Every structure is written in C-alpha cells, then in structure tokens.
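Q: Can you look at this prediction? I've put the sequence above it.
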Amino acid sequence: MNISIKASAVLLAILLINSAWAGLRELTYQGQLYESGAAVNATKYFQFQLISNSTFIAWTSYGSGSGSVALNVSKGFFSVRLGDTTIANMAALPADLFNNENDVYLKVFVGDVAGALTELSPANKITSAAYAMSTPIVLTNGTVIYGGAQGNSTAAGVINMTGAPLLTKPVWDDILVPADTANKHDAAPPSYVKFGSGSSDLYSYDFDKDNDESLLFTMQIPHTYKKGTNLRPHMHWTVKTTVNSGNVVWGLEYMIRSFDATYPADSTTIITAATAVPTVYKHVITSLPEISGTGLKESSVLVGRMFRDANHALDTFNADATLLEIDFHFQVEKMGTITEFPD
C-alpha cells in the first residue's frame, strides 16, 4: 500500500491533567493522509499501540479485542483522541502508564479495511512537552514521513514550515507572469513573432531597440508569502540574433498595495537594470532592484508595466530582445493564512 502522512501536518499534542505524567488521560493525534500522492477522501481504519523500550506493549487502542478505529479522512486530514472511550474500538489509557514506563513510543497502523492494516515504523518516542513528533516515521516500503512543529508562529492554528525537522529557514518561490499572458500597451506594443526559425507555432514578444515597448499586467501575492519581506523581480529573456555586443536594459513600472490600503493616484515606482547580451537563444535573467516589503501582506496586488528601456544610455544592443516572462521571488515559511482575508 503506497500510503503516507504529509510532513507538515503530523501533530502529537499531549494533554495533561497536571504538570506530571500521572493523570494522563488522552493523546490527540492529527495528520494529513496521502495515498499514491493524492490526499485521501475516505474512511480509513486505524490501530494504535503504546510500547515500552520498543518491545513491551503497554497499551493498544483495541484493548483485549481486535477492532480498528474508523476515521473519516477529508482532504487528507484526520484527528483522533487516543484513549477516548466514546470512540468505537478505543480503549482507555492506563492512568499509571507513564509512572510505570519510562520510555513510551507510539506505533500506528492504517488500512482500507479493518484487519488489513499497514504498520508505520519506527515507533516514535513520547516526551513530556506538547510538540509534534520530531523523528521520522518510515513506512515498511521506505517512504519517509515527518511530524512538524508549529515553528515560530504566534497565531493559533498556523502550521509553519520552519524549525527542525522541516525547514531550517524560509525558502523561495516564484510568482510567474509569462509575457504572452500580459496585455499589449496601446501606444508601444512589442512585436509578437515566431520564436525560432524552425518553429511554425511558437511565438514570443520582441522588444525593439528604437522604441520603449511595454506589456501591462497585474499580479497578486499568494497566501504563502512571508508578510513584510521584500520581493525580487526578474526578467527572463534571450536574443534571436547577435549584431553587436552590449547591454539590454529592462524595466518595471509598478504600484503595489495590500487589499486594505490605497494606491497612489499619480505616483508610480520605476526600476531598471542592465544585462549583457547573451549568445543566441541562451536563456538569461536580469535581476531588478528589490521591491520593499514594508507594509505588504498576503493578497497584496501589484499593477505593473514591464518594458525595455531602449533609450537608456546603458542599452547598447542594436537589435530586438525577446522577453519570456517576468517573475517575482518571494519568501515562504507557512502553508497559508488562517483567515481568508489576512490581517
């Protein structure tokens, strides 16, 4: 069975009556279940064991019987309270379990039907702090799955992807704006021509040396964006011929605001950067100056114009430059926002 639990959503919350192990009544186990790479939407059957020193079985969810706990899994998500006897086929936890046993581990079994379950291994040690499982669980077929903590977030219910054993620091992602999805500028549109001499159906935008030509677009920042961090715009481009060496200057004119802020009525920001001409059809990237993240949050919208600044003193390439796309690198450290409209 090719079944796994998504790394960032496996939590083991330990509920205590007091600060000592004595009195422990329930363990809440939550996860996101995937099968053949897809989130599960079905009823699945589980059994759980608490073992001591990897050998002695201190507790089983099925008690003296053999029943499995049926859990409804929706979009991969499930949750169960181990030891909650109101759940069918769930036995109570021994009140003195953690007094009598020093090292207790959780083992999980899951399957499509009761009695035909796959064991997830190895078992994971339970400690006295309320946190996610930190060591990997490996299925018998070798698939590795992890439990992830909430990281540095102060918002209740936010699952951050930073902090061992997940990400040690934020990662980068792209917001893509392909040139052929943008709108032509009425006054100065680039030429839409064949991309290569051997192609009859591939087209791209060529920006002239003699005119400032533009494409217009809008772009929204995703909910995974790390609020307040800078955006890094890049122009992806190439040339179809090399008539001389030199530079091409690309530019971006923009306004950007969060959904509860006001766009300036008559003020935009223009940034440009020059890059040396590559060899014919070599894919190159021009990095434009960063866009400040001050005051920005998820779902901010940028209204922009990408252009070749052909009249710039540094633009010395006397032929067309072919724009592929503009993208914006942004930092990611969370799965999304808890609220539909971020605060």
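A: That came through, no problem.
Q: Mark out where each domain of this protein begins and ends.
A: Recorded structural domains for the chain (assignment: automatic domain parsing) are 3-145, 171-332.
Q: Let me have those domains in CSV, extended by distance to residue 341, mean pLDDT and mean neighbour count.
A: All C-beta spots, glycine's among them, are computed from the backbone N, C-alpha and C. Below are the domains of the chain laid out as CSV (distance: least, CB to CB, whole Å; pLDDT from 0 to 100; neighbours: other CB atoms under 10 Å):
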stretch, distance to residue 341, mean pLDDT, mean neighbour count
domain 3-145, 21, 70, 16
domain 171-332, 7, 92, 16
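Q: now those domains as TSV including distance to residue 343?
A: Rendered in TSV, the data for the domains of the chain read as follows (distance: least, CB to CB, whole Å):
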stretch	distance to residue 343
domain 3-145	22
domain 171-332	8
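Q: Which residue ranges of the stretch 51-200 of the chain form helices?
A: Ranges of helices in the stretch 51-200 of the chain, per DSSP state H, counting those that start in this stretch, are 97-100.
Q: Show me where it has its strands.
A: Counting by DSSP state E, counting those that start in this stretch, the stretch 51-200 of the chain has strands at residues 56-60, 69-73, 77-82, 104-113, 116-125, 137-139, 144-145, 171-178, 183-184, 191-194.
Q: Export these to CSV and append columns for distance to residue 324.
A: Below are the strands of the stretch 51-200 of the chain laid out as CSV (distance: least, CB to CB, whole Å):
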stretch, distance to residue 324
strand 56-60, 59
strand 69-73, 41
strand 77-82, 39
strand 104-113, 45
strand 116-125, 44
strand 137-139, 41
strand 144-145, 36
strand 171-178, 7
strand 183-184, 16
strand 191-194, 13
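Q: Residue 42 is nearest to which of the ones you listed?
A: strand 69-73 (6.0 Å; CB to CB).
Q: quick check, distance from that closest one to the centre of its chain.
A: Centroid separation between strand 69-73 and its chain, computed with CA atoms, centre = their mean, to the nearest Å, is 27 Å.
Q: Stretch 205-224 too?
A: Relative to its parent chain, stretch 205-224 has a centroid offset of 26 Å by CA atoms, centre = their mean.
Q: need the contact list for residue 209.
A: Applying CB atoms under 8 Å, 6 or more residues apart in numbering to residue 209 gives the contacts 310, 315, 317-321.
Q: swap in residue 318?
A: Counted by CB under 8 Å, 6+ apart, residue 318 has contacts 209, 243-244, 246.
Q: for the residue lying closest to residue 280 once chain neighbours are set aside, what are its contacts?
A: Using CB to CB, 6 or more residues apart in numbering and skipping the chain neighbours, the partner closest in space to residue 280 is residue 242 (5.7 Å). By CB under 8 Å, 6+ apart, the residues touching residue 242 are 277, 279-280, 319.
Q: tell me the secondary structure for residue 242?
A: At residue 242, secondary structure determined by DSSP: H, G, I helix; E, B strand; the rest coil is coil.
Q: so how far is residue 307 from residue 184?
A: According to CB to CB, to the nearest Å, residue 184 and residue 307 sit 12 Å apart.
Q: quick one: common contacting residues for those two?
A: By CB under 8 Å, 6+ apart, residue 184 and residue 307 have these common neighbours: residue 215.
Q: Bridged to residue 257, which residues?
A: residue 301 (DSSP bridges).
Q: State the distance from it to residue 299.
A: From residue 257 over to residue 299 (counting by CB to CB), the distance is 10 Å.
Q: export stretch 50-67 as CSV, just CAs?
A: The C-alpha coordinates for stretch 50-67 follow below in CSV (Å, rounded to 0.1, in the frame of the first residue of the first chain):
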residue,chain,number,x,y,z
LEU,A,50,2.0,2.4,23.0
ILE,A,51,5.1,0.3,23.6
SER,A,52,7.9,0.5,26.1
ASN,A,53,11.5,0.0,25.1
SER,A,54,10.3,-1.0,21.6
THR,A,55,9.2,-4.4,22.9
PHE,A,56,6.6,-4.4,25.7
ILE,A,57,3.1,-3.4,24.6
ALA,A,58,1.8,-1.1,27.3
TRP,A,59,-1.5,-0.2,25.6
THR,A,60,-3.4,-0.9,22.5
SER,A,61,-6.4,1.1,21.0
TYR,A,62,-8.3,-2.2,20.6
GLY,A,63,-7.8,-3.4,24.2
SER,A,64,-8.4,-7.1,24.6
GLY,A,65,-10.2,-7.3,21.2
SER,A,66,-9.1,-6.8,17.6
GLY,A,67,-11.2,-3.9,16.4
